[in-house]
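just coords:
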């Protein structure tokens, strides 16, 4: 009679259930560590992307708020610019100073000029600026051409004079300047297109 106990196939003492060797334990631990590191890297990547997106949204929102604040008064600023132009027309309507003019006219002119200076300074403090384009190259983004005029004294394509000045609000166009643009006289155009050959 066999008195030895039967061996259970799942018993740690059997070959199938034998304890793992140190090498196997290290391999299993290394695999688990690699798996956890991969999960960590994935989570870190997601976190970095989320932070970047949040930062972009924050910057975009701040930019939109700043633009709204700067340009919310655009219609009001255009009306104020028109009032300044009317004030200038009133000043231009006052006769030029003469030695024998009445004192009341001199005081009226000086008073209006002082009001205009104060008004323009107040506008500039609030981002509204008047731009005189005379002598500048014509820019369709800033100027509105009302006429072209032949001139030998001006470079073609430059503003000879402005009927009305331009206005900007914090650097953005508010009202374009209405200008007269110089063009070359016909004889200069003909000379450019049909140069005369010299006779040897």
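Done, it's in. Source: prediction; values computed, not measured.

residues contacting residue 164?
Listed by Cβ atoms under 8 Å, 6 or more residues apart in numbering, the contact set of residue 164 reads 85, 175, 177, 178. Heads up, the C-betas are built off the backbone N, CA and C, glycines and all.

Per-residue confidence, it, what does it come out as?
According to the model's per-residue confidence, residue 164 sits at a pLDDT of 91.

Tell me the spacing between it and residue 143.
Remark: distance between residue 164 and residue 143 (Cβ to Cβ, to the nearest Å) = 10 Å.

Which segments of the protein make up each domain?
Dividing the chain into domains by automatic domain parsing, as the record does, gives the ranges 22-72, 73-190.

Buried deepest among these, which one?
With neighbours defined as mean count of other Cβ atoms under 10 Å, those peak in mean count at domain 73-190, which reaches a mean of 14.

what distance separates it from the middle of the whole chain?
Domain 73-190 sits 25 Å away from the centroid of its parent chain (Cα atoms, centre = their mean, to the nearest Å).

quick revisit: save the contacts of residue 164 as TSV, and put in pLDDT too.
Converted to TSV, those look like this (pLDDT from 0 to 100):
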residue	pLDDT
85	92
175	92
177	94
178	94
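
Okay, and which of those map to helices?
When these are checked against helices (DSSP state H), the matches are residue 85.

what sits up against stretch 50-58?
For stretch 50-58, there are no external contacting residues (Cβ under 8 Å, 6+ apart).

Let me know the average pLDDT across that stretch.
Confidence for stretch 50-58, expressed as mean pLDDT, is 90.

What are the boundaries of the strands in the chain?
Taking DSSP state E, the strands of the chain run over residues 128-131, 143-150, 159-164, 166-169, 172-175, 177-183.

between those strands, which one is nearest to residue 67?
Nearest to residue 67, of all the strands of the chain, is strand 172-175, at 9.3 Å by Cβ to Cβ.

Mind giving me the packing neighbours of the closest one?
Helices and strands touching strand 172-175, by 3 or more Cβ pairs under 8 Å, 6 or more residues apart in numbering; DSSP states H and E, are helix 74-93, strand 166-169.

Sounds good, over and out.
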